[in-house]
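Trainee: Here you go, sequence then predicted model.
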There are 2 protein chains.
Amino acid sequence: MPDKPRINQRQAIARTRLFQVEALDITFANGTRVNYERLVTSGHGAVIVVPLRDPRTALLIREYAAGTERYELALPKGRMEAGETPEQAANREMMEEIGHAARRLTCLTDVSLAPGYMSHRTHMVLAEDLYPQRATGDEPEPIEVVPWPLDRLLELALRDDCTEARSIAALYMARDYLQQRNPA
Amino acid sequence: MPDKPRINQRQAIARTRLFQVEALDITFANGTRVNYERLVTSGHGAVIVVPLRDPRTALLIREYAAGTERYELALPKGRMEAGETPEQAANREMMEEIGHAARRLTCLTDVSLAPGYMSHRTHMVLAEDLYPQRATGDEPEPIEVVPWPLDRLLELALRDDCTEARSIAALYMARDYLQQRNPA
């Protein structure tokens, strides 16, 4: 691996309520100089949760997505609040979006969306041993909860209404993790 | 599923060379009115490729990522050019990034990054029957190619330097797809 590129200059070039764009002037180890733009994430990070109703079934939600302008089937997720651990944020998002909390929470890893031009990272949390517990979030309308069997992930990922790479990755990783933890 | 929300107004509120932010004023079927911001993708879409050196081994690349400011291990990918099909774009990106083209290209699906606030979609292409063929891209430095066995995906996804959700999702989907196409 070459030496890490040197960042000569970074400059904020646009900012809205949610987004901040930064321009980077970078010199690579071989002398090549490049200008990049990247989205800088504000806030305290994000979580995505794989809530298991039972060892073979995850709970998905169907929610309107303003980015793609349609209803999407995906895992519960959201921004972390100040002072929250990923596990606490996962439990809060589950209570708000699927009306359950979990007695067992495992942080598997954290993933990036587009490392080439976004700093964004999402903690991936596996939630087991669920119990009913509802909290009120900022959802604009009631959310439909959709159970999905872990042995039918390819079918899910090929559906037109299930497109989010983070959800697909998290479900596959959870299945793999469970199989390695409890070999048949 | 409720009726689709009504978009009352959309307004471009920031634009840089790469990014465009749009404000949306939306009314849900139950009357709730919300203001959202979303990133609008310009250009012709993007592709991510799972290049198979053999039926059990994918080829990854290690490349500097300006978003996370470090070297990341991930699948070849890039923006599509005007007039390209996903398969053509996949072949071009492979020639530029791993020095191979493929005789067999299969578009599996397309994925989103963050459907809640990005319109971005990426076509996911499986590439088989590779042969050496190099093209020059806009890479600032030579790219390291890293073969990875498909039966060790969880180990890969748990590594600190492999974080991209799209790559993890694409590798798992490719493995699942191959297993269903050619059952053991």
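Mentor: All right, it came through fine. Numbering: from 1, shown residues only, chains lettered A, B, ... in the order given.
Trainee: what sits against residue A:64?
Mentor: By CB atoms under 8 Å, 6 or more residues apart in numbering or on different chains, residue A:64 lies in contact with A:70-72, A:140-141, B:4-5, B:28. In this view, the C-beta of every residue, glycine as well, is placed from N, C-alpha and C.
Trainee: In those residues, which residue is surrounded by the most others?
Mentor: Compared across the contacts of residue A:64, residue B:5 has the highest neighbour count, 23 neighbours, by other CB atoms under 10 Å in any protein chain shown.
Trainee: Mark which of the contacts of residue A:64 are part of strands, please.
Mentor: Within those, residues falling in strands by DSSP state E are A:70-72.
Trainee: tell me, which of those make contact with chain B?
Mentor: Taking CB under 8 Å from any CB of the partner chain as the test, chain B is in contact with A:70-72 out of those.
Trainee: how many neighbours does residue A:48 have?
Mentor: Counted with other CB under 10 Å, the neighbours of residue A:48 add up to 26.
Trainee: Just give me the residue closest to the centre of chain A.
Mentor: Nearest to the mean C-alpha position of chain A, counting by CA atoms, centre = their mean, stands residue A:48 at 3.9 Å.
Trainee: secondary structure element for that one?
Mentor: Taking DSSP states H and E as the definition, residue A:48 sits inside strand A:46-54.
Trainee: Counting neighbours, which bits of that strand end up buried?
Mentor: Using 16 or more other CB atoms under 10 Å in any protein chain shown as the test for burial, strand A:46-54 gives A:46-52.
Trainee: Quick check, pLDDT for the residue of chain A positioned farthest from its centre.
Mentor: Ranked by distance from the centre of chain A (CA atoms, centre = their mean), the top residue is residue A:31, with 35.7 Å. For residue A:31, the pLDDT comes out at 95.
Trainee: For it, give me phi and psi.
Mentor: Residue A:31 adopts backbone torsions of phi 100, psi -10, taken as degrees, to the nearest 10.
Trainee: quick one, domains of chain A?
Mentor: Chain A breaks down by automatic domain parsing into domains covering A:6-41, A:46-181.
Trainee: what's the span of the shortest one from first residue to last?
Mentor: To tie it back to what came earlier, the one meant is domain A:6-41. 21 Å (CA to CA, to the nearest Å).
Trainee: is that domain up against chain B anywhere?
Mentor: Yes: with CB under 8 Å from any CB as the measure, domain A:6-41 is seen reaching chain B through A:7, A:13-19, A:21, A:23-24, A:26, A:28-30, A:32, A:34, A:36-39.
Trainee: List the residues that contact residue A:172.
Mentor: By CB under 8 Å, 6+ apart, the residues touching residue A:172 are A:153, B:153, B:168-169, B:172-173, B:176.
Trainee: mind running it again at 7 Å?
Mentor: Neighbouring residues of residue A:172 by CB atoms under 7 Å, 6 or more residues apart in numbering or on different chains: A:153, B:169, B:172.
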